[in-house]
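J.: turn this into a structure:
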Amino acid sequence: MGIASSTVTAGIKAQVNNQSNAMYKLADMSGNGILADLAREACKSGKTDLLDAAIQQKVRPFLYNNGDGEMIPLDKVLAQRHAERTGGILPPSPLNKYVCWNVNMRGAVGETILHVCFLSGLPKHMKLLSERLIHIFPNTINDIYINDEYYGETALHMGIVSEDPEMVRFLLKCGADVIARCSGNFFTCDDQKSSRTDSVTEEHCILNKKTVYPGHLYWGEFPLSFAACLSQVECFRMLAAQGAHLNAQDVNGNTVLHICTIRENTLMFKLALSLGANLHIQNRQKLTPLTLSAYMAKKMMMEFIIEEERVVDWTYGKVRQALYPLEHIDSIHPGKGKINRNSALALAVYGETDAHLLLLPDLLEKLVQRKWTTYGRKTLYKQFFWFVLYFLSIMICFMLRPTPFERNEVNNDLICLLELADIHWSELSAKTYIYHILNIVSTIGAALYIYQLHSHVRNVGWNMYFLSLSGFPAKVIFLISCFLTVFNFTLRLFCFDEIEDIVWIIIVQLTAIKFLFFCRGFKSVGP
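T.: Just a heads-up that it's a prediction; the model follows:
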């Protein structure tokens with residue numbers, strides 16, 4: 001990062017000082033230069049003949065094929081970006097990219113004169129210069145920044161950022177690319193900047209998938225997303241009318257609706273939706289705009305999207321019944337019946353911050369309450385009933401077990417595999433029979449609980465299962481007791497009486513803790 005930072009800083013200084021680059025002699029950020037001065041004179045006289053002739057003469061040497069452009073290897077386009085960040089050289093690329101302005105004759109940060117016009121703030125004479133440049137060499141309109149910091153930025157992006165609808169309209173009429181992607185480091189999420197890597201088979205940097213989308217300038221790469229972030233309604237409509245894809249996905253898989261969600265821009269979200277944007281597209285983290293709002297704990301945005309998704313069933317006066325689709329809200333997928341880890345409910349419950357808990361009131365709280373009254377309560381009571389039976393078998397078995405004193409001083413009625421031949425079955429007491437029957441029953445019960453664990457994991461996966469256990473330590477302890485119960489039965493078979501005594505004490509204590517799990521279902525003792 002040190003290489004990149006120092007390179008960008010040096011480039012910006014060179015832009016300002018404008019002494020080290022031949023291009024800046026034609027026009028610079030301060031609005032001066034040979035062409036800038038001629039444009040200023042043209043504004044006064046109303047004639048552009050001298051300016052046009054100068055553009056033809058002075059700019060042509062900077063262009064490939066006299067302004068017709070050229071398909072050049074992608075590695076040559078990415079060379080400056082890669083060198084700034086790593087100091088290295090990219091291997092040859094099998095891909096080509098169309099470029100008009102020579103990549104070796106750019107400004108200090110990879111810009112062209114057209115970019116410089118926008119950087120100057122587009123005063124009247126620089127605006128005229130940009131228009132005449134595009135008129136004479138129309139292929140320059142889609143040339144991009146090629147340095148790492150601003151890679152991919154075009155004049156159209158800059159026109160939108162300048163909040164100049166007239167210039168945006170002009171650029172669109174002249175053929176500006178509405179799907180150009182601006183993916184430079186400056187416009188990357190803060191937590192992804194260190195992961196930026198180049199590939200000769202991909203024009204745009206490869207980033208880590210995991211991110212929480214921090215950074216004020218992550219605007220979604222496309223001109224349409226830029227317009228949405230800046231609430232440029234007129235520009236947004238013009239871009240959509242010119243064929244900008246409303247569902248185009250950036251390097252993170254985010255569409256314009258995802259970007260509006262991140263920026264909490266309900267106005268542009270509604271506009272994009274009205275123009276045909278798809279509300280159910282998932283990004284690289286498998287998040288839709290709705291689940292993204294839950295992931296980022298943006299309650300206002302989540303409630304807004306839910307209201308946009310709902311379907312009004314009927315209206316009578318001021319009374320209205322609305323249906324809310326559960327596909328991305330409920331933790332159980334309505335069609336597949338599987339656990340949806342990326343549902344709004346799951347993200348709210350298992351979110352890492354306190355802000356996620358604030359998502360639960362209102363709709364999600366009603367959903368949880370409805371699930372509880374429909375089948376949750378019944379399921380909990382059923383589980384509690386079977387657990388009580390299991391716990392009683394454990395306790396009675398433990399109470400009937402002969403103590404070390406009884407085994408040494410009275411008689412040892414404990415049956416084990418190694419002593420089956422020496423046992424006098426007719427002399428065994430009823431207490432002994434009951435003990436061993438309950439021992440087998442409790443072992444079978446523990447095995448069934450373990451099998452239930454296996455079934456649960458098969459349905460939801462290990463990650464989701466362990467995540468669910470993180471909120472129920474009593475359940476974790478109980479599962480440990482089940483494994484110990486099965487292990488204890490093995491000790492019984494091989495006559496390890498003393499070790500079995502110790503394990504039995506642990507089993508009883510750990511099993512009893514499961515009652516705390518069931519307490520969560522009652523307001524008087526629950527959370």
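J.: name all residues that make contact with the closest residue to Ser481 other than its chain neighbours.
T.: Counting by Cβ to Cβ, 6 or more residues apart in numbering, Leu510 is the residue found nearest to Ser481 once chain neighbours are left out, at 3.6 Å. (Each C-beta comes from the backbone N, C-alpha and C, glycine too.) By Cβ atoms under 8 Å, 6 or more residues apart in numbering, Leu510 lies in contact with Ile477, Phe478, Ile480, Ser481, Leu484.
J.: give the buried residues for whichever strand or helix holds Leu510.
T.: Assigning secondary structure by DSSP states H and E places Leu510 in helix 497-512. For helix 497-512, the neighbour count (16 or more other Cβ atoms under 10 Å) marks Glu500, Asp501, Val503, Trp504, Ile507, Val508, Leu510, Thr511, Ala512 as buried.
J.: columns distance to Lys47 and pLDDT on top of these, output as JSON lines?
T.: Formatted as JSON lines, these follow (distance: Cβ to Cβ, whole Å; pLDDT from 0 to 100):
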{"residue": "Glu500", "distance to Lys47": "106", "pLDDT": "84"}
{"residue": "Asp501", "distance to Lys47": "107", "pLDDT": "86"}
{"residue": "Val503", "distance to Lys47": "100", "pLDDT": "90"}
{"residue": "Trp504", "distance to Lys47": "103", "pLDDT": "89"}
{"residue": "Ile507", "distance to Lys47": "98", "pLDDT": "91"}
{"residue": "Val508", "distance to Lys47": "100", "pLDDT": "91"}
{"residue": "Leu510", "distance to Lys47": "93", "pLDDT": "92"}
{"residue": "Thr511", "distance to Lys47": "96", "pLDDT": "91"}
{"residue": "Ala512", "distance to Lys47": "96", "pLDDT": "90"}
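J.: which one among these gets closest to Leu128?
T.: Leu510 (82.1 Å; Cβ to Cβ).
J.: looking at the buried residues of helix 497-512, which is nearest Cys174?
T.: Set against Cys174, the nearest of the buried residues of helix 497-512 by Cβ to Cβ is Leu510 (75.0 Å).
J.: distance of that closest one from Pro138?
T.: 77 Å (Cβ to Cβ, to the nearest Å).
J.: do Thr48 as well
T.: 16 Å.
J.: have a look at those two and say which one is more surrounded.
T.: Thr48 (21 against 14; other Cβ atoms under 10 Å).
J.: per-residue pLDDT, that one?
T.: At Thr48, the model reports a pLDDT of 91.
J.: can I assume it is in contact with Leu128?
T.: Yes. Here Thr48 lies in contact with Leu128, judged by Cβ atoms under 8 Å, at a distance of 7.4 Å.
J.: identify the contacts common to those two.
T.: Common contacts of Thr48 and Leu128 (Cβ under 8 Å, 6+ apart): Ala42.
J.: just the residues contacting the helix or strand hosting Leu367, thanks.
T.: According to DSSP H and E, Leu367 maps onto helix 363-371. Identification of contacts with helix 363-371 by Cβ under 8 Å, 6+ apart yields Glu303, Ile306, Tyr324, Leu326, Ile329, Asp330, Ala344, Leu345, Ala348, Leu360.
J.: can you put the buried residues of helix 497-512 in TSV and add distance to Asn66?
T.: Converted to TSV, the buried residues of helix 497-512 look like this (distance: Cβ to Cβ, whole Å):
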residue	distance to Asn66
Glu500	93
Asp501	95
Val503	88
Trp504	92
Ile507	87
Val508	91
Leu510	83
Thr511	86
Ala512	87
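J.: okay, and the beta partners of Arg320?
T.: Thr315 (DSSP bridges).
J.: and it, how many neighbours?
T.: The number of residues packed near Arg320 is 11, by other Cβ under 10 Å.
J.: could you do Leu493 as well?
T.: Around Leu493 there are 12 residues (other Cβ under 10 Å).
J.: mind checking which of the contacts of Leu510 are in helices?
T.: With helices taken from DSSP state H, the overlap with the contacts of Leu510 comprises Ile477, Phe478, Ile480, Ser481, Leu484.
J.: could I get these as TSV with neighbour count?
T.: Conversion of the ones in helices among the contacts of Leu510 to TSV gives the following (neighbours: other Cβ atoms under 10 Å):
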residue	neighbour count
Ile477	17
Phe478	23
Ile480	15
Ser481	22
Leu484	18
